[in-house]
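[1] Sequence and computational prediction follow.
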Amino acid sequence: MIIHLRKFIETERPYWHALTEMVDAFEADPYRQLAFSDIKRLHYLYQRASADLVKISTFSAEKQIRDFLETLVGRSYAMIHSSGRKANRFRPLLWLGAVFPRTVRRHRRALALSAAAMLVGGFLGAAALVADQDAKDVLMPFEHLQMDPATRVAEEETTDGPHRLAGSKGRFSAFLVTHNTRVSILVLALGMTWGVGTLLVLFSNGVLLGAVVADYVVSGQTPFLLGWLLPHGAVEIPAVLVAGQAGFVLAGALMGRGKAYGLRDRLAEVRGDVVTLIAGVAVMLVWAGIVEAFFSQYHEPVLPYAAKIAFGVTECVLLMLLFATGGRRSMDRADPLPTACPLSDGR
Amino acid sequence: MTFMAISPHRALTIRTPEGVLFSLPLATPISRFLAWLLDAGCIAVLTNIASLVLRSLGILSADAAGAVTTAAFFIIQIGYGMALEWFWQGQTIGKRVFGLRVMDVRGLRLHYSQVVIRNLLRSVDGLPAFYFLGGIVCLVSRHAQRLGDIAADCVVVRRVRLAEPHLDSLLKDNRYNSLKAYPHLAARLRQRVSPAEAAIALQGLMRRDELDPEARVALFAQMADHFRRKVVFPDEAVTGISDEQYIRNAVEVLFHEPGAFAQSPS
């Protein structure tokens, strides 16, 4: 049987337009509260449009109307059936002090893998440099790392004239934060290569770091090295490791080892945690960037190495305390903390 | 050839709890790329505006102006897609212009974590350049998803606007319909013609001016032959009318005949 298309359209069009208006208004402002009468009206219009879709699919193959109704029913369906869960008010301190460390602990194996990749790279980089000093330009392809450590230390400790970063510390800091965040995002995103890309980036960073450390230690410049790297590295290196952890969490969900459910559910399970981890990484990198530009680049005699090292060690201890204990008390009290990032869907 | 074969017809089919089945047409990689190009242009414009505005900060401190500009560029580049897709329910400026929308693969509303993940994973989809990896994955995946979409469990669909067929203008020149003189045969025609066949005839009429003359004659000859075999009308009803006129008469019978429509739901 064929329906009378014109009459069908004329009869139903006002209802479709009414539903379109409601959906448009909702999409323009998803946070608006609907009155109960509006909700009932919305439900009626949705059911009517659904019935029209069934009818036009069954009795007529008029493609344009069917496509329109499918889109309209699809949009209304999303509006009606999506979770109306009340969003938790975002409390930054609670998130940073409890939710983020709990998420880091929840995926401690991924963090261990991330640290192992960097450590192995570090040992190999250090061993390669000690074994072959000529490999320096391959292991550390950066101009400021190419020079002899003793010469560099002598230059850095010269107090004649203004500091080389005078007047550009802010820009340098912003550059460091944005660059390191980009790299961390890439480390996370490469988790979609089943973790191979993440592993390689962490390993290569480890090689570079290990070679630098070996170069300065062999040259007898350990105090300078610690004073230079620890203040920002104590936060920056763990941040990169957490980014790697996020990448491996994603990779683990892709592989699904030991999980009986499908890929979509596995990815949905970790999505909130991945967002939490990368948001935490961003916060850590902002801190590290500021410290690196305004603190790390000053050496003796302006800043004693002992003070810089003590600062770095303190940061390291505090960070470890945060990761080890943050959010534990709220778990004991069964505080209704969000399970993941407050911005996540919690599915 | 492969691309043409797989891109235009892909759709996401969803069954609602009410048992209604609907399909949402998926965006093609080409339309997505065009939307991305437009968004890239918008990002360039926004960063230029930010640069001009923040340059005035240089009066106070050149270093602070440089720092804020660097941070602003980064925030615009990373945050553009996230902010717009969240506040515009899965759309950016480019997607709006090209009628696209990001949706949860279950047809539900997007959650913030989905928006964040699909935008963060652009860095891997963009490898080695110009979304090559993402484009390849998009071409081969069932729901035309790039890696970011797969991780975020979302798809990009096309929005369809209501376009009503203008049957009145289509059939306005049909002053005399010889098939209507035989109501019992017209009723049989409506009974025997399937919805898909009726739609093909209607589409043929609506698009007849887009066809080459030879193709038009051949198409309507084929369609008329098919419909003539459905119901045999007396010679006086069909003699002397062209194949195209026969189809026009048949479409009027199928879609316009009073009493032939089903009751609308109350």
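    Yes, it's here.

[2] contacting residues around the closest residue to residue A:115 other than its chain neighbours?
    Nearest residue to residue A:115 in three dimensions, chain neighbours excluded: residue A:241, at 5.4 Å (C-beta to C-beta, 6 or more residues apart in numbering or on different chains). In short, each C-beta sits where N, CA and C put it, glycine included. By C-beta atoms under 8 Å, 6 or more residues apart in numbering or on different chains, the contact list for residue A:241 reads A:111, A:114, A:115, A:118, A:202.

[3] The second one: neighbouring residues, count only.
    This points to residue A:114. Residue A:114 is flanked by 27 other residues according to other C-beta atoms under 10 Å in any protein chain shown.

[4] In terms of helices and strands, where is it?
    helix A:108-131 (DSSP states H and E).

[5] Flag every buried residue along that helix.
    Residues A:110-111, A:113-122, A:124-126, A:128-129 are the ones in helix A:108-131 that count as buried (16 or more other C-beta atoms under 10 Å in any protein chain shown).

[6] burial of residue 203, as a residue count?
    All of this refers to chain A. Using other C-beta under 10 Å, residue A:203 has 20 neighbouring residues.

[7] try again with chain B
    Using other C-beta under 10 Å, residue B:203 has 16 other residues around it.

[8] For the helix or strand in which it is found, name the packing helices and strands.
    According to DSSP H and E, residue B:203 maps onto helix B:195-206. On a contact count with 3 or more C-beta pairs under 8 Å, 6 or more residues apart in numbering or on different chains; DSSP states H and E, helix B:195-206 meets helix B:213-230, helix B:243-256.

[9] Spit out the contact partners of residue 237.
    If you meant another chain, say so; for now it's chain A. A:118, A:209 are the contacts of residue A:237 under C-beta under 8 Å, 6+ apart.

[10] wait, I meant chain B there
    Listed by C-beta under 8 Å, 6+ apart, the contact set of residue B:237 reads B:178, B:179, B:181, B:182.

[11] Residue A:223 too?
    Counted by C-beta under 8 Å, 6+ apart, residue A:223 has contacts A:305, A:309.

[12] Would you map the helices across chain B?
    B:2-6, B:29-55, B:62-87, B:93-97, B:112-120, B:122-125, B:132-140, B:147-152, B:167-171, B:183-192, B:195-206, B:213-230, B:235-238, B:243-256 (DSSP state H).

[13] near chain B, which residues of the stretch 101-250 of chain A show up?
    A:167-171, A:173-175, A:177-178, A:181-182, A:185-186, A:188-190, A:192-193, A:197, A:250 (C-beta under 8 Å from any C-beta of the partner chain).

[14] These, buried ones only, as a PyMOL selection?
    The buried residues among those can be selected in PyMOL (16+ other C-beta under 10 Å) with this line:
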select buried, chain A and resi 168+169+170+171+173+174+175+177+178+181+185+186+188+189+190+192+193+197+250
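
[15] can I assume residue A:56 is in contact with residue A:69?
    Yes - with contact defined as C-beta atoms under 8 Å, residue A:56 and residue A:69 form a contacting pair (6.3 Å).

[16] Compare the two (neighbour count), which wins?
    residue A:69 (26 against 23).

[17] Let's see the pLDDT reported for that one.
    Here the pLDDT value assigned to residue A:69 is 85.

[18] Please identify which helix or strand holds the nearest residue to it once chain neighbours are set aside.
    Closest residue in space to residue A:69, ignoring its immediate chain neighbours: residue A:53 at 4.3 Å, by C-beta to C-beta, 6+ apart. According to DSSP H and E, residue A:53 maps onto helix A:36-59.

[19] That helix to helix B:195-206, inter-axis angle?
    Compare the direction of helix A:36-59 with that of helix B:195-206 by axes from the mean of the first three to the mean of the last three C-alpha atoms, to 10 degrees and you get 90 degrees.

[20] and which of the contacts of residue B:237 is nearest chain A?
    Nearest to chain A, judged by C-beta to the nearest C-beta, of these is residue B:179 at 14.2 Å.

[21] Can you tell me how far that closest one is from residue A:295?
    Noted for residue B:179: a distance of 90 Å to residue A:295, by C-beta to C-beta, to the nearest Å.

[22] Show me which of the two is the more surrounded one.
    residue B:179 (21 against 16).

[23] who's in contact with the more buried one?
    With C-beta under 8 Å, 6+ apart, residue B:179 has these contacts: B:185, B:186, B:189, B:233, B:237, B:249, B:250, B:252, B:253.

[24] repeat for residue A:222
    Contact analysis of residue A:222 by C-beta under 8 Å, 6+ apart lists residue A:216.

[25] Next one, pLDDT for it please.
    93.

[26] next one: the one 3 residues further on
    At residue A:225 the predicted local confidence, pLDDT, stands at 93.

[27] That one reaches residue A:218, doesn't it?
    No - counting by C-beta under 8 Å, residue A:225 sits too far from residue A:218 to count as a contact (10.6 Å).

[28] neighbour count winner among those two?
    Using other C-beta under 10 Å as the criterion, residue A:225 and residue A:218 rank with residue A:225 on top: 21 against 14.

[29] excluding its backbone neighbours, what's nearest that one?
    Excluding its sequence neighbours, the residue lying closest to residue A:225 (C-beta to C-beta, 6+ apart) is residue A:216, at 3.9 Å.

[30] neighbours around that neighbour, how many?
    Number of residues near residue A:216 (other C-beta under 10 Å) recorded here: 22.

[31] Can you give me every residue that contacts it?
    Counting by C-beta under 8 Å, 6+ apart, residue A:216 has contacts A:149, A:222, A:224, A:225.

[32] Heading C-terminal from the helix or strand it falls within, find the next helix or strand.
    Element membership for residue A:216, per DSSP H and E: helix A:196-218. Once the chain leaves helix A:196-218, the next helix or strand it forms, by DSSP H and E, is helix A:222-255.

[33] now that next one and helix A:196-218, what's the angle there?
    Helix A:222-255 runs at 170 degrees relative to helix A:196-218, counting by the same axes, to 10 degrees.

[34] Tell me the helices and strands packed up against the helix or strand just after helix A:222-255.
    Scanning forward in sequence from helix A:222-255 by DSSP H and E, the next helix or strand is helix A:263-291. Helices and strands touching helix A:263-291, as assessed by 3+ C-beta pairs under 8 Å, 6+ apart, comprise helix A:100-106, helix A:169-189, helix A:222-255, helix B:112-120, helix B:147-152.
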